[in-house]
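>>> Quick check, what structure comes out for this input:
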Amino acid sequence: MPERSQGSAIRSDHGINCAAICAVKVIQANCRMQFTANDVDFIVAVLGKKQGAAESLVSLLADPETRDLILDDDLLFRALLEQGGCLRVSPHLYFYVLVRQVLRRSGLEDRQVADYVAELLTEFSREERARGAAADQSMRLDYFFDMLAALEKADDRTAFWIRAHIGNHSLFLSGVFPEHIRHRCERRGAPGLRYYEDLGRANYRVASAHRLAARYDLAAVFDTLSERFERTRLALNDLAERVFCLGDVEMPALLKG
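Take a look at the predicted model:
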């Protein structure tokens, strides 16, 4: 469970309840821990003949090291991209396998980073997360201006959450919706991709040094995403072009209009 702010709720000048923000769970690098029985069935169906008996494959999936090697198989990646119809797999398996492959092709081999980015996509693909909804549904963080304003009066724990959210929000928007950002930049003078990269990189860097980053085992992940934000963003751009349902996520309010 995420930590909650202690003491009374704090509101910024823009009406943002900073204490309520902390009620939202911290995204963690735990996508691989949330696979379902349907996920195992899908893996066995795709790889069963190649790996041998289905029973042996199920046993191998129970071991973290062999599981990770199995999930890296290119056949799984191709199966998720090419199979028609509705796939009976969880978003955790779906995003992890796809993100892991595109990040590896970009030179990012760290599985924990792939795990985190996959969980980020799983969470942000839900409209309420993309709009920064918290337990208090009357409070949202839709715009970076609001997030940065909230930082001015946020306590230590809340500041960590906001920093992480800004980094996540920047990566999600620039990774999944780059063409919308370019369009708004060219037609309306809105911030371009460089703005999102700089904002995400800076806030991941600050978040990586926070004591709560170590508590959630995210310090190294945030540090890597800060150092390689552009490379990660480009890998997600490639994925969004390949996968229609990723690029067809409900567009956040920030990019509408």
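
>>> I figured I43 hits R67, correct?
No - between I43 and R67 there is no contact under C-beta atoms under 8 Å: 9.3 Å. Yep, even glycine has a C-beta here, placed from its N, CA and C like the rest.

>>> More neighbours: which of the two?
Neighbour totals were compared for I43 and R67, and I43 leads with 27 against 15 (other C-beta atoms under 10 Å).

>>> I'd like to check what contacts the strand or helix carrying the more buried one. Which residues are they?
Here I43 sits within helix 37-51, counting by DSSP states H and E. For helix 37-51, contacts defined as C-beta atoms under 8 Å, 6 or more residues apart in numbering pick out 54, 57-58, 60-61, 70-71, 73, 75-76, 79, 87-90, 92-93.

>>> List the buried residues of that helix.
Of all the residues in helix 37-51, those buried under the rule 16 or more other C-beta atoms under 10 Å are D39, V40, F42, I43, V44, V46, L47, G48, Q51.

>>> After that helix, heading C-terminal, what element do we hit next?
helix 54-61.

>>> Would you indicate which residues of the helix or strand following that next one are buried?
Remark: after helix 54-61, the chain's next helix or strand is helix 64-71, criterion DSSP H and E. For helix 64-71, the neighbour count (16+ other C-beta under 10 Å) marks I70, L71 as buried.

>>> go on, stretch 223-236?
D223, T224, L225, S226, R228, F229, E230, T232, R233, L234, A235, L236.

>>> quick one: the helices in the stretch 151-257 of the chain?
156-176, 178-188, 193-208, 211-215, 219-227, 229-242, 244-247 (DSSP state H, counting those that start in this stretch).

>>> Using JSON lines, lay out these together with mean pLDDT and distance to F144.
Shown next, in JSON lines, are the helices of the stretch 151-257 of the chain (pLDDT from 0 to 100; distance: least, C-beta to C-beta, whole Å):
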{"stretch": "helix 156-176", "mean pLDDT": "92", "distance to F144": "7"}
{"stretch": "helix 178-188", "mean pLDDT": "86", "distance to F144": "12"}
{"stretch": "helix 193-208", "mean pLDDT": "96", "distance to F144": "6"}
{"stretch": "helix 211-215", "mean pLDDT": "96", "distance to F144": "21"}
{"stretch": "helix 219-227", "mean pLDDT": "98", "distance to F144": "17"}
{"stretch": "helix 229-242", "mean pLDDT": "94", "distance to F144": "15"}
{"stretch": "helix 244-247", "mean pLDDT": "54", "distance to F144": "22"}
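
>>> tally of neighbours for G192?
15.

>>> can you pull the contacts of the closest residue to it other than its chain neighbours?
Spatially, and ignoring its direct neighbours in sequence, G192 is nearest to C185 (4.1 Å; C-beta to C-beta, 6 or more residues apart in numbering). By C-beta under 8 Å, 6+ apart, C185 lies in contact with P191, G192, L193.

>>> same deal with Y204?
Per C-beta under 8 Å, 6+ apart, neighbours of Y204: R163, A164, G167, F222, D223, L225, S226, F229.

>>> Quickly note the distance from the fifth one to N38.
It stands for D223. Distance, D223 to N38, by C-beta to C-beta, to the nearest Å: 34 Å.

>>> Over to the last one?
When C-beta to C-beta is the yardstick, F229 and N38 sit 33 Å from each other.

>>> hang on, G192 packs against I181?
Yes - the pair G192 and I181 qualifies as a contact (C-beta under 8 Å) at a distance of 6.6 Å.

>>> Quick one: neighbours of E55, just the number.
10.

>>> err, V221, not the other one
24.

>>> That one and S208, how far apart?
8 Å.

>>> show me where pLDDT drops low in the stretch 1-150 of the chain?
1-25, 50-54, 84-85, 127-142 (pLDDT under 70).

>>> Show the residue spans covered by the helices in it.
According to DSSP H, counting those that start in this stretch, the helices that the stretch 1-150 of the chain contains are 18-21, 37-51, 54-61, 64-71, 74-82, 91-105, 111-124, 127-130, 144-151.

>>> Okay then, goodbye and thanks.
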